[in-house]
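J.: Whatever this is, show me its structure:
(one chain, ligands or ions: 2)
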Amino acid sequence: MHDDDTIAYFTERNSADVVIARMANAKNPRLAEVMRSMITHLHAVVKEVEPTYEEWEQAITFLTATGKMCDDKSQEWILLSDVLGVSMLVDAINTRRPSGATENTVLGPFHVDDVPERETGATISDDGKGEPLVVSGRVLDIDGKPIAGAVIDTWQASHDGFYDNQQPDVQPEHNLRGIFRTDAEGRFRYRTIKPCHYGIPDDGPVGKLLEGLNRGNVRPAHLHYIVRAPGYETVTTHIFVKGDPYLDQDAVFGVKESLIVDVDHHDDPAKAAALGVADPFWTVETDFVLTPAKSA
Ligand code: BEZ
Ligand code: FE
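T.: Ligands and ions are numbered 1, 2, ... in the order given. Alright, predicted model coming up:
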């Protein structure tokens, strides 16, 4: 700045201030606030890194390739946000909940709408591949009271680590997806297969970035959920299989301690028959605890 408070011409030293000063008449104050912060931090990064022209061109090429990988089926920008931990940070900021409430985690790109509702106890494994798993639990409010009629939307990868929409020629549509509703006691139960860890898509610039950083692309075994009930905040979450070797290396930082659950192995033909699964099988029990909707 000059002494008379008018802005100076752009220099290396005052770069961020000069750009920010141009926003003085912004019509949208929130946009101006966001861009002020963006410019401040972006210029600081450039000053710290001091990129060569070639490196800056590489960055532009990377961002261009990221945009080109986006269409209605693939979203490389979200994947980039995921592997940089930004998706989880935005999620954490927007889902602060009291202790005891189920924590949120990343939605991921594989959720689909318009999945069929299935009866309590039904299987979501339409191709029957994988080791049987029975999932059961309750949906509760923060005081432990059951929530009847809560809707549980679940999806997961196959036994070899692919979602049905990644393998439309291999898996039936809606394989390993289902919508369930809790009963009067807030209970739900369904059959599926035990998930295993899998690699997130690595065929684009994000995959190359992970490779360049010698970072893995694996997500530990998990089951996805969106749990909704009228009057309560919707929870988008996972449960993770305790003991999975990748729990501390999740490519998208989605693991939270409270979401890691025991998945128990059983060899008990009578119990298997009662639950409608082949023996041996696995079980997991998990409750979802919802908080009142912010507007409630
Ligand atoms: C998933 O768990 O489905 C997922 C989440 C983030 C990026 C890729 C996949
Ligand atoms: Fe997943």
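
J.: Excluding chain neighbours, what is closest to the closest residue to ligand 1 within the stretch 51-200 of the chain?
T.: Nearest to ligand 1 in the stretch 51-200 of the chain, going by CB to the nearest ligand atom, is Gly108, at a distance of 2.9 Å. C-beta coordinates here come from the backbone N, C-alpha and C atoms, glycine included. Nearest in space to Gly108, with sequence neighbours left out and distances taken as CB to CB, 6 or more residues apart in numbering, is His224 at 6.7 Å.

J.: Which parts of the chain are strands?
T.: Assigned by DSSP state E, the strands in the chain fall at 132-141, 151-155, 177-181, 187-193, 198-199, 218-219, 222-228, 235-241, 260-261, 264-266, 281-285, 288-290.

J.: For the residue of the stretch 51-200 of the chain closest to ligand 1, give me its contacts.
T.: Asp82, His224, Val252 (CB atoms under 8 Å, 6 or more residues apart in numbering).

J.: again, but for Arg228
T.: In this structure, Arg228 makes contact with Ala150, Val151, Asp153, Thr234, judged by CB under 8 Å, 6+ apart.

J.: Neighbour-wise, which one of these leads?
T.: When neighbours are taken as other CB atoms under 10 Å, the top entry among the contacts of Arg228 is Ala150 (24 neighbours).

J.: which residues does it contact?
T.: With contact taken as CB under 8 Å, 6+ apart, Ala150 is in contact with Val139, Arg181, Thr182, Gly186, Phe188, Val227, Arg228, Ala229, Tyr232, Phe288, Leu290.

J.: Give me every residue in the stretch 101-250 of the chain lying close to ligand 1.
T.: Applying CB under 6 Å from any ligand atom, one finds that the stretch 101-250 of the chain approaches ligand 1 through Val106, Gly108, Pro109, Phe110, Ile200, Arg219.

J.: Per-residue pLDDT of Met1, please?
T.: Looking at Met1, its pLDDT reads 50.

J.: Redo the contacts of Gly108 as a markdown table? Include neighbour count and pLDDT.
T.: Listed next are these as a markdown table, based on neighbours: other CB atoms under 10 Å; pLDDT from 0 to 100:
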| residue | neighbour count | pLDDT |
| --- | --- | --- |
| Asp82 | 24 | 97 |
| His224 | 24 | 98 |
| Val252 | 20 | 98 |
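
J.: So which of those residues is the closest to Val261?
T.: When the contacts of Gly108 are compared for distance to Val261 (CB to CB), His224 comes out closest, at 13.6 Å.

J.: does that closest one really touch His238, like I thought?
T.: Yes: with contact defined as CB atoms under 8 Å, His224 counts as touching His238 (5.5 Å).

J.: how near is the residue nearest to Phe62 when sequence neighbours are not counted to Lys242?
T.: Of all residues beyond its chain neighbours, the one nearest Phe62 is Pro205 (5.3 Å), with distances taken as CB to CB, 6+ apart. Separation of Pro205 from Lys242 (CB to CB, to the nearest Å) stands at 34 Å.

J.: Before I go, just wanted to say thanks for your time.
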